[in-house]
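Participant: Could you look at this predicted model? Sequence included:
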Amino acid sequence: SRGFVPILQSAQSRLDEQDMLQLEEIMQRTDIVPLLQLFRDAPVDLEAMIHEIYPGDYHRGSLINPLAEILAEYFPEDQDGYFPKTIDEALPDLGKLDLPENLSDNAQVLLEERFLKALYSPLAQAETAGEDTMKKTWDALRRRNAAIAHPQVKAVLARVMRQYKAGLAFQPEEWGLKEGIPLKLFQRLDFLRVQDNHRFLMANEQGLGKSLIVIGDALRKKAKKVLVLTRLSAMDAWKREIGRWAKGPPKVYMITGSAKQRLDALEEAAKPSDETEYIVMSDSAFLNDDILEAVKKIGVDYIAQDEAHRIKNPETVRAGAVHELNAKEKVLVTGTPLMGGDVAFLWSLLHWIAPKAFPGEDSSDFQATFMGTKEKYSNLYFAIKPYKFRWLKRHVLVDFPRRKHRYVDVPLTGVYLENYRKQ
């Protein structure tokens, strides 16, 4: 989606009005808008951008829910580098929100989503500033909630406030993590949000600590055997992360080497243990049927499929093998769940963690239920919501320097210039 914006902006400057209308019509006929929409935390972002480029009848948020358009008008612009410091900046006068008397369940989900994101910056900055600033910020938030007349809006904001209050008080050592870990506020919120979920998609953007959440979640749930499936080159990174964050540190079995060495390591890992143990292996090892059967015999309690987009195609041996594995706790770990450009591929991921919510022998039922119309894509957005946890860097890295783009022209020289002139 980041590459999509300059394309449209460039098109706007080069095409005439009729060409732009044709482009808009093509976009509305294809899957590109809902495709990019699904894993945006704020469901109106992309449509807001399209609305600015096409200031016609394209209503922001109409793909997901009518309320999304109202919320897009109310909340400050969701832009890179915008981090409000006060509650007044994050939540302007809520009385200006022109909301229906009764909010549907989906509308309340959207409202909670926006409140959660809007409050992050002032609360995170207040925590850094110190106890006095936090008290003033929290008092301002209480006053803002008390002034809300709409009972459902008041209840949604109160629910978000409880989440933040618990997040601010969170102690990582209570989960079996090492003491003194400098967790960001969004990471503490993630720990609390996943604690009651046995199956979920940890989809934080790259660099926001997905592995930390998985490691701590397995410890919190007192899983004895934790299976981490990843690519071969990432196995050592997982071992380092486990040693870095978990108390002990716990035993880590690295399933590598020849087929015999892997089978021997799996046999060792299958021995009973009273403590949490991690089994780290490449999901490509399942090309050997004996290894798949050996993993099944262990009876793991917790499975984390790293880079979960690797099992997007259920026809592959890798995906088929992973679908045969079962455990009480299942976690998909990927910052790019839609890699591949086909919403139908989501079925393989979602069916693995939630087969009752996303049933079928293949993706045909999924496509018939959730693809093809705006209403179906909207249903998919809310069907995924209970399982998906995702933050973006531009929403939570309050103290992180903004990225700067610098273009340097490097002229062709020597043989390169000669060959270029011959073309």
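Facilitator: Structure received. These numbers come from a predicted model, not from an experiment. Numbers count the residues shown, from 1 in each chain.

Participant: pLDDT-wise, which helix or strand of the protein ranks last?
Facilitator: helix 45-53 (a mean of 39; mean pLDDT, DSSP states H and E).

Participant: What's the per-residue pLDDT of the closest residue to Leu263 other than its chain neighbours here?
Facilitator: Among residues not flanking Leu263 along the chain, Ala294 sits closest, at 5.6 Å (Cβ to Cβ, 6 or more residues apart in numbering). Just so you know, the C-beta spots here come from the backbone N, C-alpha and C atoms, and that holds for glycine as well. Per-residue confidence at Ala294 stands at 92 (pLDDT).

Participant: Tell me how many other residues surround Ala294.
Facilitator: Look at Ala294: counted by other Cβ atoms under 10 Å, it has 20 neighbours.

Participant: What would the strand or helix carrying it look like as PDB? C-alpha coordinates only.
Facilitator: Using DSSP states H and E, Ala294 sits in helix 289-298. Written as PDB, here are the backbone C-alpha positions of helix 289-298 (Å, rounded to 0.1, in the frame of the first residue of the first chain):
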ATOM      1  CA  ASP A 289       7.300 -37.400   6.500                       C
ATOM      2  CA  ASP A 290       9.200 -39.100   9.300                       C
ATOM      3  CA  ILE A 291      10.000 -35.700  10.900                       C
ATOM      4  CA  LEU A 292       6.300 -34.700  10.700                       C
ATOM      5  CA  GLU A 293       5.300 -37.900  12.500                       C
ATOM      6  CA  ALA A 294       8.000 -37.400  15.100                       C
ATOM      7  CA  VAL A 295       6.700 -33.900  15.800                       C
ATOM      8  CA  LYS A 296       3.100 -35.200  16.200                       C
ATOM      9  CA  LYS A 297       4.300 -37.700  18.800                       C
ATOM     10  CA  ILE A 298       5.700 -34.900  21.100                       C
END
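
Participant: Show me what counts as buried in the longest helix seen in the chain.
Facilitator: When the chain is scanned for its longest helix (criterion: DSSP state H), the result is helix 105-129. Buried residues in helix 105-129, counted by 16 or more other Cβ atoms under 10 Å: 106-127.

Participant: So which elements touch that helix?
Facilitator: Contacts defined by 3 or more Cβ pairs under 8 Å, 6 or more residues apart in numbering; DSSP states H and E place helix 105-129 against helix 66-74, helix 87-90, helix 131-146, helix 151-168, helix 185-194, helix 374-384, helix 393-396.

Participant: contact partners of the third one?
Facilitator: Outside of helix 131-146, the residues that reach it under the criterion Cβ atoms under 8 Å, 6 or more residues apart in numbering are 86-88, 91, 94, 119, 122-123, 125-127, 154, 157-158, 161, 168.

Participant: again, only using 7 Å
Facilitator: Outside helix 131-146, the residues within contact range by Cβ atoms under 7 Å, 6 or more residues apart in numbering are 87, 91, 94, 122-123, 126-127, 154, 157-158, 161.

Participant: pLDDT of that helix, averaged?
Facilitator: Rounded mean pLDDT across helix 131-146 is 92.

Participant: Equivalent analysis for stretch 275-284, please.
Facilitator: 91.

Participant: how near is Pro411 to Tyr420?
Facilitator: Going from Pro411 to Tyr420 by Cβ to Cβ, to the nearest Å gives 10 Å.

Participant: ditto for Leu292
Facilitator: 53 Å.

Participant: of these two, who's got more company?
Facilitator: Neighbours per residue (other Cβ under 10 Å) separate Leu292 from Tyr420, with Leu292 holding more: 17 against 9.

Participant: End to end on stretch 393-406, go ahead and measure it.
Facilitator: End-to-end distance for stretch 393-406: 21 Å, by Cα to Cα, to the nearest Å.

Participant: Tell me the buried residues in that stretch?
Facilitator: Going by neighbour count (16+ other Cβ under 10 Å), the buried part of stretch 393-406 is 394-398.

Participant: residue boundaries of the helices in the stretch 251-400 of the chain?
Facilitator: For the stretch 251-400 of the chain, the helices defined by DSSP state H, counting those that start in this stretch cover 259-269, 289-298, 317-324, 346-353, 364-370, 374-384, 393-396.

Participant: Which elements pack onto the helix holding Ala294?
Facilitator: Secondary-structure packing of helix 289-298 (3 or more Cβ pairs under 7 Å, 6 or more residues apart in numbering; DSSP states H and E): helix 259-269.

Participant: Please spell out which residues along the helix it packs on are buried.
Facilitator: Neighbour counts over helix 259-269 (16+ other Cβ under 10 Å) mark 262-263, 265-266, 269 as buried.

Participant: can you pull the alpha-carbon coordinates of it into PDB?
Facilitator: Output in PDB follows, covering the C-alpha atoms of helix 259-269 (Å, rounded to 0.1, in the frame of the first residue of the first chain):
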ATOM      1  CA  ALA A 259      17.300 -36.300   8.900                       C
ATOM      2  CA  LYS A 260      18.700 -38.700  11.500                       C
ATOM      3  CA  GLN A 261      20.100 -35.800  13.600                       C
ATOM      4  CA  ARG A 262      16.800 -34.100  13.500                       C
ATOM      5  CA  LEU A 263      14.900 -37.200  14.500                       C
ATOM      6  CA  ASP A 264      17.300 -37.800  17.400                       C
ATOM      7  CA  ALA A 265      16.800 -34.200  18.600                       C
ATOM      8  CA  LEU A 266      13.000 -34.500  18.400                       C
ATOM      9  CA  GLU A 267      13.200 -37.700  20.400                       C
ATOM     10  CA  GLU A 268      15.200 -35.900  23.000                       C
ATOM     11  CA  ALA A 269      12.700 -33.000  23.000                       C
END
